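1. have a look at this prediction, sequence included:
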Amino acid sequence: MVSGNERTIGIVLASLAIVKVRFGGRNRRGSMGRLEERGMLDENREVDEEKVFKGMMKTVRTVDMPELTEQQIMAARERRRASRAGDANLAKELETVEIPANHPFASNEKLDATQEAERKKKIIDANSPRRRTRPAAPKQK
């Protein structure tokens, strides 16, 4: 027969074994360590970024740009504004373009309203999305 002390010692040892099996095999690093292991956190998050970026920039070549004058800045703004004007400027530019007489498809002749509408329809048809059509089923004899 088992005495009370032996029984108590057995219960204590069994509970210690259970605690060891249940909690002893775990990594003691905590949830941050588990997130790092799974790739959810940057492993180098404690590194000084300023130092890293300075090291990166050592191999990058840089060019010093001269300061622009106010006149140069205004000229650039005017060029951008003119390019944003869009169709009005484009139409003026197209009218002044010289097309050679032997050009394969372009010409200087003016189109009337019906020819212009036909030309626009051709452009729309050419740019419309292509659709696959199935061939007609063979006729049964």
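-> Here it is on my side, so go on. Residues are numbered from 1 along each chain as shown.

2. residue ranges with poor pLDDT in the chain?
-> When residues are selected by pLDDT under 70, those of the chain lie in 1-2, 24-29, 43-44, 85-91, 94, 141.

3. now with 80?
-> For the chain, applying pLDDT under 80 flags the ranges 1-4, 21-50, 52-57, 59, 62, 82-97, 105, 107-108, 129-141.

4. how about the CA coordinates for the lengthiest helix in the chain, as PDB?
-> Ranked by residue count, the top helix of the chain under DSSP state H comes out as helix 4-23. The C-alpha coordinates for helix 4-23 follow below in PDB (Å, rounded to 0.1, in the frame of the first residue of the first chain):
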ATOM      1  CA  GLY A   4       0.200   9.600   2.000                       C
ATOM      2  CA  ASN A   5       3.700  11.100   1.600                       C
ATOM      3  CA  GLU A   6       4.500   8.900  -1.400                       C
ATOM      4  CA  ARG A   7       1.100   9.800  -2.900                       C
ATOM      5  CA  THR A   8       1.700  13.500  -2.500                       C
ATOM      6  CA  ILE A   9       5.200  13.300  -4.000                       C
ATOM      7  CA  GLY A  10       3.800  11.400  -6.900                       C
ATOM      8  CA  ILE A  11       1.100  14.100  -7.500                       C
ATOM      9  CA  VAL A  12       3.700  16.900  -7.300                       C
ATOM     10  CA  LEU A  13       6.000  15.100  -9.700                       C
ATOM     11  CA  ALA A  14       3.200  14.400 -12.200                       C
ATOM     12  CA  SER A  15       2.100  18.100 -12.100                       C
ATOM     13  CA  LEU A  16       5.700  19.200 -12.600                       C
ATOM     14  CA  ALA A  17       6.000  16.900 -15.600                       C
ATOM     15  CA  ILE A  18       2.700  18.300 -17.100                       C
ATOM     16  CA  VAL A  19       3.900  21.900 -16.600                       C
ATOM     17  CA  LYS A  20       7.300  21.100 -18.200                       C
ATOM     18  CA  VAL A  21       5.700  19.400 -21.200                       C
ATOM     19  CA  ARG A  22       3.100  22.100 -21.600                       C
ATOM     20  CA  PHE A  23       5.300  25.200 -21.100                       C
END
